[in-house]
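Q: Predicted structure and sequence below. I'll ask about it afterward.
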Amino acid sequence: MRYPPVHLLPGQDRRLRAGHPWIYSNELRMEAAAKALPPGEPVCLFSGDGRPLALALFNPHSLIAARVITRNKDATIDAAFVERRLARALRLRERLFDLPYYRLVHAEADGLPGLVVDRFGDVVVCQLNSAGMATLEPLIIEALERLLAPRAIVLRNDSPVRELEGLAQEVRLAKGSLGGPVELVENGVTFLIDPLEGQKTGWYYDQRENRAFVARLARDQTVLDLYSYSAGFGLQAAAAGAAHVLAVDRSQLGLELARASAERNGMAARLEVVREDAFAAVDRLGSEKRRFGIVVADPPAFVRSKKELKQGLRGYRKLARACGPLVAEEGILAISCCAHNVPEDAFADEVRRGLRDAGRGGRLLRRAGAGPDHPGHPALPESAYLKCLVYALD
Ligand code: SAH
């Protein structure tokens, strides 16, 4: 198969050669022919001096103008190609997990740039976050059908990054129907989720191993699960023997799902939910002199662009400072950052300062990221976006 050529400007092929999968629009020679290509088209990228480099999915209207899909210039991007990528992603997850609940495709890292697929048993939820993946939608659905024959395939095409690709916001079933909440099992606990109305795909699989770690420390403890969403951390702690969990989030749906999951697991008596702004809750709990054996804080990204870095970093320091006093003596603080443009060291530094401001010393027990169903792309450090620090305070 021959794909339309797109030429890089002279000297702009270094990053690509080093393994990076993206070409920005200012690194290309935007000829009229290239500009006229429909967004998402496969193209062959050429260096400034005319050598073929890779096949990419092209979007002339996006800042990320080309995303490499294969270094094999002779490949054909067809149903068989998409199925091979999905099958490889599936084989890896089947080696990692006993049960069919995981992130099946993590975008660039799994060789499908811009595609996220979360699997909840026989329900599959996709986010097509690039024009390339939107174009490949029929092939993706076909391949999922052949590999998994799911009962339902949900397209959660409502993430804000789609706007950068000129793609519309939509939530739609590509297959089947959902007659109510969907179940998943993580670390032995059953959760109810809502793939149509819930946040993102309905569940945050990235915290799986961090939840398991916190649960190990939870027997007989009181737990504050701040930014709990559906209490993934809190309910796993409860299942591991926590005496009481207080989940705080501003999402009504998240807290309702937390309640439903608690009931499903016979733990409703040990879960209390409060719909409140997290910082307001921390202030209130502080003035009530409440203390917790474990505090988990898993906020939304405080930094959404490089411009916001300085201001956003202060947010993590402020959060650590605010949480410090709520942690009981010899208690645990698990604090996370999911902002892809905050480097791990910068986050760790802010947390250290925040705890110092709060007058809390401690030991760092764990520095971790997302679980292995969220692999990192080796040349794309921001694909390792999640940082989780677990401290034992003095
Ligand atoms: N800890 C959760 C994931 C949290 S995602 C889990 O393990 O699944 C971040 C959460 O922060 C979202 O549920 C969002 O509703 C909540 N949130 C965002 N801003 C908030 C605020 N100001 N106060 C309380 N919750 C907030």
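A: Done, it's in. Numbering: from 1, shown residues only.
Q: for this protein, longest helix please?
A: helix 79-96 (DSSP state H).
Q: looking just at contacts, which helices and strands does it meet?
A: Where contact means 3 or more C-beta pairs under 8 Å, 6 or more residues apart in numbering; DSSP states H and E, helix 79-96 is packed against strand 101-106, strand 115-120, helix 137-148. Every C-beta, even on glycine, is put in place using the N, C-alpha and C of the backbone.
Q: what's next to that helix, contact-wise?
A: With C-beta atoms under 8 Å, 6 or more residues apart in numbering as the contact definition, helix 79-96 has outside contacts at 70, 75, 102-106, 110-112, 117, 119, 136, 139-140, 142-144, 146-148, 372-373, 375.
Q: Then stretch 273-289?
A: Residues contacting stretch 273-289 (C-beta under 8 Å, 6+ apart): 224, 226-228, 231, 246-252, 255, 258-259, 297, 299, 318-319, 322-323, 325-326.
Q: and stretch 168-182, how far out from the chain's middle?
A: In terms of C-alpha atoms, centre = their mean, to the nearest Å, the centre of stretch 168-182 is found 20 Å from the chain centre.
Q: Just the mean pLDDT for that stretch, thanks.
A: For stretch 168-182, mean pLDDT rounds to 96.
Q: L136 and the ligand: what is the separation?
A: 29 Å (C-beta to the nearest ligand atom, to the nearest Å).
Q: What sits closest to that residue if chain neighbours are left out?
A: V82 (6.0 Å; C-beta to C-beta, 6 or more residues apart in numbering).
Q: wait, doesn't L380 sit right on H106?
A: No: in this structure, L380 is not within contact of H106 by C-beta atoms under 8 Å, at 11.0 Å.
Q: Dump the helices and strands packed on helix 79-96 to a markdown table, plus mean neighbour count and mean pLDDT.
A: Listed next are the helices and strands packed on helix 79-96 as a markdown table, based on neighbours: other C-beta atoms under 10 Å; pLDDT from 0 to 100:
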| stretch | mean neighbour count | mean pLDDT |
| --- | --- | --- |
| strand 101-106 | 25 | 98 |
| strand 115-120 | 25 | 98 |
| helix 137-148 | 18 | 98 |
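Q: Minimum distance to E197: which of those has it?
A: strand 115-120 (14.5 Å; C-beta to C-beta).
Q: From the contact counts, what lies against the closest one?
A: Short answer (3+ C-beta pairs under 8 Å, 6+ apart): strand 115-120 packs on helix 79-96, strand 101-106, strand 123-128, helix 137-148, strand 182-186.
Q: Can you name the residues of the stretch 251-394 of the chain sitting close to the ligand?
A: S251, G254, D277, A278, D298, P299, P300 (C-beta under 6 Å from any ligand atom).
Q: and those, which are buried?
A: S251, G254, A278, D298, P299 (16 or more other C-beta atoms under 10 Å).
Q: So for whichever residue of the stretch 1-150 of the chain sits closest to the ligand, what's the nearest residue that isn't a sequence neighbour?
A: Minimum separation of the stretch 1-150 of the chain from the ligand (C-beta to the nearest ligand atom) falls at D118, amounting to 12.4 Å. Of all residues not flanking D118 in the chain, T201 sits nearest, at 4.1 Å (C-beta to C-beta, 6+ apart).
Q: pretty sure that neighbour is in contact with R156, am I right?
A: Yes: contact criterion C-beta under 8 Å: T201 and R156 qualify, at 5.5 Å.
Q: Now P299: which helix or strand?
A: When elements are assigned from DSSP states H and E, P299 belongs to no helix and no strand.
Q: The closest residue to it other than its chain neighbours: neighbour count?
A: Nearest residue to P299, sequence neighbours excluded (C-beta to C-beta, 6+ apart): Y227, at 4.8 Å. Other residues near Y227 number 20, with proximity taken as other C-beta atoms under 10 Å.
Q: Next: R172.
A: Neighbours of R172 using other C-beta under 10 Å come to 11.
Q: In three-state terms, how would F213 be classified?
A: What DSSP: H, G, I helix; E, B strand; the rest coil gives for F213 is helix.
Q: wait, doesn't it sit right on V390?
A: Yes: the pair F213 and V390 passes the contact test of C-beta under 8 Å, sitting 6.3 Å apart.
Q: what residues are shared contacts of the two?
A: A334, R366, A368.
Q: where's the first one, which helix or strand?
A: So that's A334. Judged by DSSP H and E, A334 forms part of strand 327-337.
Q: Let me see the ranges of the strands in the stretch 251-394 of the chain.
A: 271-275, 292-297, 327-337, 362-368, 387-393 (DSSP state E, counting those that start in this stretch).
Q: okay, these, which one's buried deepest?
A: Mean neighbour counts were taken over the strands of the stretch 251-394 of the chain using mean count of other C-beta atoms under 10 Å, and the top value, a mean of 26, falls to strand 292-297.
Q: Just the CA trace of that one, in CSV.
A: Presented in CSV, the C-alpha positions along strand 292-297 are these (Å, rounded to 0.1, in the frame of the first residue of the first chain):
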residue,chain,number,x,y,z
PHE,A,292,-7.4,9.5,60.5
GLY,A,293,-5.1,6.6,60.4
ILE,A,294,-5.0,6.9,56.6
VAL,A,295,-5.6,9.9,54.4
VAL,A,296,-5.8,9.4,50.7
ALA,A,297,-5.8,12.4,48.4
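Q: Next, the contact list for D345, please.
A: Contacts of D345 (C-beta under 8 Å, 6+ apart): none.
Q: typed the wrong thing, it's L28
A: V6, H7, L8, L9, Q12, A34, A65, A66.
Q: Among these, which ones are in strands?
A: V6, H7, A65, A66 (DSSP state E).
Q: Ranking by neighbours, what's the top pick from these?
A: Neighbour counts for the ones in strands among the contacts of L28 (other C-beta under 10 Å) peak at A66, which has 29 neighbours.
Q: so what's it bridging to?
A: Beta-bridge partners recorded for A66 (DSSP bridges): I23, F58.
Q: What count of nearby residues applies to G361?
A: 10.
Q: Now M30: closest residue in space, sequence neighbours ignored.
A: P60 (6.9 Å).
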